[in-house]
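S.K.: Provided below are the primary sequence and the corresponding predicted coordinates.
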Amino acid sequence: MADEVILLDYWVSPFGMRVRIALAEKGIKHEYREEDLRNKSPLLLQMNPVHKKIPVLIHNGKSICESLIAVQYIDEVWNEKSPLLPSDPYQRSQARFWADYVDKKIYEVGRNLWTKKGEEQEAAKKEFIEALKLLEQELGDKTYFGGDKIGFVDVALIPFYTWFKGYETFGNINVEKECPKFIAWAKRCMQVESISKSLPDQDK
Amino acid sequence: MAKDQGEVQLLGVGGSPFVRRVQIALKLKGIEYTYIEENLRNKSDLLLKYNPIHKKVPVFVHNGKPLAESLVILEYIDETWENYPIFPQQPYEKALARFWSRFIDDKILPAISKAAWTVNKEEREKGIEESLQALQFLENELKHKFFGGENISIVDIAASYLAFWLPAIEEAVGLKVLSSDKFPKLYKWSQEFNNHPIVKENLPPKDGLLGFFKSRYAAISAASK
């Protein structure tokens, strides 16, 4: 029986990108449907009635919402190749912790960089750089957060790199100067096929 | 004592619903642990060492390796000690369980906080509206005695806040959100949950909690004058 996999998404969404990368990494054939967020499709509203947001992964008619939950689902169902989560329970929990950290710090604080002004923006800048530095520390000497291959945290974090040009322009910060290790990691990720083909061009 | 379980410690505070979640899970699985009560206004070196990033409780330590964030801790506990599973085994059911647990933390709890910890009428109204909407989704999800079916599972454990902390908050601040006429299933669930033999032993004393919430609300009222 062939699996039917549909992804409801929006090209600019870093959350959507996470799911795209996971699907690509596992080589899962799927149908990509671009949503118009100002005119949400009946399918989207039916499949995600609670949040009405993308991404929504639909597998054989059943919907999985929230990007990190969808990525874990993909990892658990298509578990023969390219594991995204470590096999050791403690390391797995660390991966979940850091992915949760990315959601709490990078997304929220990054948004403040361009929505706030003055003192609030300065505070956001500081918080953002601190968060990136902590992530650099967690990365250590590893090639990726997942070790030799990309893992859950890499997938959770790399999509926000596409927003960096935006953060830098509107937030007036120079990430490369403050966090060179982070940028080096990001550039390595962009060489990975499943990532480069899932992310839009930074300038766009 | 469960054989070969290793050394288990839990840093927490008695009134925290997030800490109690972990305690309920440990008790369901029969895991013995050392409990260390923290003073959040004077955090111990141990807490700061084990959770330097968020500096919060609960912190779970297994054989010297620390873990933070209650839902992350619960997944670890379930994967490490396989008796009395609290997460579903099947991937789709598991994804749903994760979704609803996150929904409780990301949508319901903040809405209730918004409604409770304010003296501003508009803020409260808005918070109440958001809480009612969010609770309705959860009400619709409840199809059996517990979210986990006949036995309590991760969603029940995550929702423990609604069964025990919310009524205390409602009483302390003069709020009514989880009423039996609006949410008959959730209300009945909360009674069953609070009476579950393991849960009953792992809830904080109601008076203490009520007192804590009353003083918190009094402080907010005083500050706004």
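M.R.: Alright, I've got the coordinates. Just so it is clear, the structure is predicted and the values come from calculations on it, not from any experiment.
S.K.: and the top helix by length along chain B, which residues are buried?
M.R.: For chain B, the longest helix by residue count, based on DSSP state H, is helix B:121-141. For helix B:121-141, a neighbour-count test (16 or more other C-beta atoms under 10 Å in any protein chain shown) marks B:124, B:127-128, B:130-132, B:134-135, B:138-139, B:141 as buried. C-beta coordinates here come from the backbone N, C-alpha and C atoms, glycine included.
S.K.: cool, stretch A:74-94 as well?
M.R.: By 16+ other C-beta under 10 Å, the buried positions in stretch A:74-94 come out as A:74-78, A:82-86, A:89-90, A:92-94.
S.K.: interface residues of chain B facing chain A?
M.R.: Taking C-beta under 8 Å from any C-beta of the partner chain as the contact definition, chain B meets chain A at B:53, B:62, B:65, B:67-69, B:72-73, B:75-76, B:79-80, B:91-92, B:94-95, B:98-99, B:102-103, B:137.
S.K.: about what we covered before: rebuild the buried residues of helix B:121-141 as CSV, extending it with pLDDT.
M.R.: Formatted as CSV, these follow (pLDDT from 0 to 100):
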residue, pLDDT
B:Arg124, 95
B:Gly127, 96
B:Ile128, 97
B:Glu130, 97
B:Ser131, 97
B:Leu132, 97
B:Ala134, 97
B:Leu135, 97
B:Leu138, 97
B:Glu139, 97
B:Glu141, 95
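S.K.: Out of these, which comes closest to A:Met190?
M.R.: Closest approach to A:Met190 among those (C-beta to C-beta): B:Ala134, at 38.4 Å.
S.K.: ok, back up a step: show the overlap between the buried residues of stretch A:74-94 and what lies near chain B.
M.R.: Counting by C-beta under 8 Å from any C-beta, the subset of the buried residues of stretch A:74-94 that neighbours chain B consists of A:76-77, A:89-90, A:92-94.
S.K.: between those, which is closest to B:Gly6?
M.R.: Among these, A:Tyr90 lies closest to B:Gly6 (C-beta to C-beta), at 11.1 Å.
S.K.: mind checking the backbone torsions on the closest residue in space to the closest one that isn't next to it in sequence?
M.R.: When the adjacent residues along the chain are set aside, A:Tyr90 lies closest to B:Lys65, with 5.5 Å between them (C-beta to C-beta, 6 or more residues apart in numbering or on different chains). Backbone torsions of B:Lys65, given as degrees, to the nearest 10, read phi -100, psi 120.
S.K.: which residues sit against the longest helix seen in chain A?
M.R.: Identified as the longest helix of chain A according to DSSP H is helix A:118-139. Helix A:118-139 has contacts (C-beta atoms under 8 Å, 6 or more residues apart in numbering or on different chains) with A:98, A:101-102, A:105-106, A:109-110, A:112-113, A:116, A:145, A:153, A:157, A:167, A:171-173, A:175, A:178-179, A:181-182, A:185, B:53.
S.K.: Quick one: name whatever helix or strand follows it.
M.R.: Once the chain leaves helix A:118-139, the next helix or strand it forms, by DSSP states H and E, is helix A:152-157.
S.K.: Does chain B have contacts with that following helix?
M.R.: No: Helix A:152-157 does not reach chain B (C-beta under 8 Å from any C-beta); its nearest approach is 12.0 Å.
S.K.: Give the other helices and strands that that helix contacts.
M.R.: Applying 3 or more C-beta pairs under 8 Å, 6 or more residues apart in numbering or on different chains; DSSP states H and E, one finds that helix A:152-157 contacts helix A:14-25, helix A:67-77, helix A:89-101.
S.K.: from those, which stretch is densest packed?
M.R.: Mean neighbour count (mean count of other C-beta atoms under 10 Å in any protein chain shown) peaks for helix A:14-25 among the helices and strands packed on helix A:152-157, with a mean of 24.
S.K.: about what we covered before: is the residue nearest to A:Tyr90 in a bridge, and if so with what?
M.R.: Per DSSP bridges, residues listed as beta-bridge partners of B:Lys65: B:His62.
S.K.: Quick one, grab the pLDDT at it.
M.R.: Looking at B:Lys65, its pLDDT is 97.
S.K.: Just give me the neighbour total for it.
M.R.: Residues near B:Lys65, counting by other C-beta atoms under 10 Å in any protein chain shown, number 14.
S.K.: just checking, it touches A:Gln91?
M.R.: No: checked against C-beta atoms under 8 Å, the pair B:Lys65 and A:Gln91 is beyond contact range at 9.8 Å.
S.K.: dump the residue contacts of B:Arg102.
M.R.: A:66, A:69, B:71 are the contacts of B:Arg102 under C-beta under 8 Å, 6+ apart.
S.K.: State the helix or strand in which A:Lys29 lies.
M.R.: Using DSSP H and E, A:Lys29 sits in no helix or strand.
S.K.: Just give the number of residues close to it.
M.R.: By the criterion of other C-beta under 10 Å, A:Lys29 has 9 neighbours.
S.K.: Now tabulate the helices and strands packed on helix A:152-157 in TSV and tack on mean pLDDT.
M.R.: Converted to TSV, the helices and strands packed on helix A:152-157 look like this (pLDDT from 0 to 100):
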stretch	mean pLDDT
helix A:14-25	97
helix A:67-77	98
helix A:89-101	97
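S.K.: Give me the contacts around the longest helix of chain B.
M.R.: Contact partners of helix B:121-141, identified using C-beta under 8 Å, 6+ apart, comprise A:50, B:100, B:103-104, B:107-108, B:111-116, B:118, B:147, B:155, B:159, B:162, B:175, B:177-178, B:182-183, B:185-186.
S.K.: Tell me where chain B has helices.
M.R.: Using DSSP H, the helices of chain B run over B:17-28, B:45-50, B:70-80, B:91-103, B:109-116, B:121-141, B:154-158, B:160, B:166-173, B:184-195, B:197-201, B:206-223.
S.K.: Alpha carbons only: can I get the longest one in PDB?
M.R.: In this case it means helix B:121-141. Only the C-alpha atoms of helix B:121-141 are listed here, as PDB (Å, rounded to 0.1, in the frame of the first residue of the first chain):
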ATOM      1  CA  LYS B 121     -11.300  44.100  34.000                       C
ATOM      2  CA  GLU B 122     -10.500  44.000  30.200                       C
ATOM      3  CA  GLU B 123      -7.400  41.800  30.700                       C
ATOM      4  CA  ARG B 124      -9.400  39.400  32.800                       C
ATOM      5  CA  GLU B 125     -12.300  39.300  30.200                       C
ATOM      6  CA  LYS B 126      -9.800  38.600  27.500                       C
ATOM      7  CA  GLY B 127      -8.100  35.900  29.500                       C
ATOM      8  CA  ILE B 128     -11.400  34.300  30.300                       C
ATOM      9  CA  GLU B 129     -12.500  34.200  26.700                       C
ATOM     10  CA  GLU B 130      -9.200  32.600  25.600                       C
ATOM     11  CA  SER B 131      -9.300  30.100  28.500                       C
ATOM     12  CA  LEU B 132     -12.900  29.100  27.600                       C
ATOM     13  CA  GLN B 133     -12.000  28.600  23.900                       C
ATOM     14  CA  ALA B 134      -8.900  26.600  24.700                       C
ATOM     15  CA  LEU B 135     -10.700  24.400  27.300                       C
ATOM     16  CA  GLN B 136     -13.500  23.700  24.800                       C
ATOM     17  CA  PHE B 137     -10.900  22.000  22.500                       C
ATOM     18  CA  LEU B 138      -9.700  19.900  25.400                       C
ATOM     19  CA  GLU B 139     -13.300  19.000  26.400                       C
ATOM     20  CA  ASN B 140     -14.000  17.800  22.900                       C
ATOM     21  CA  GLU B 141     -10.900  15.600  23.000                       C
END
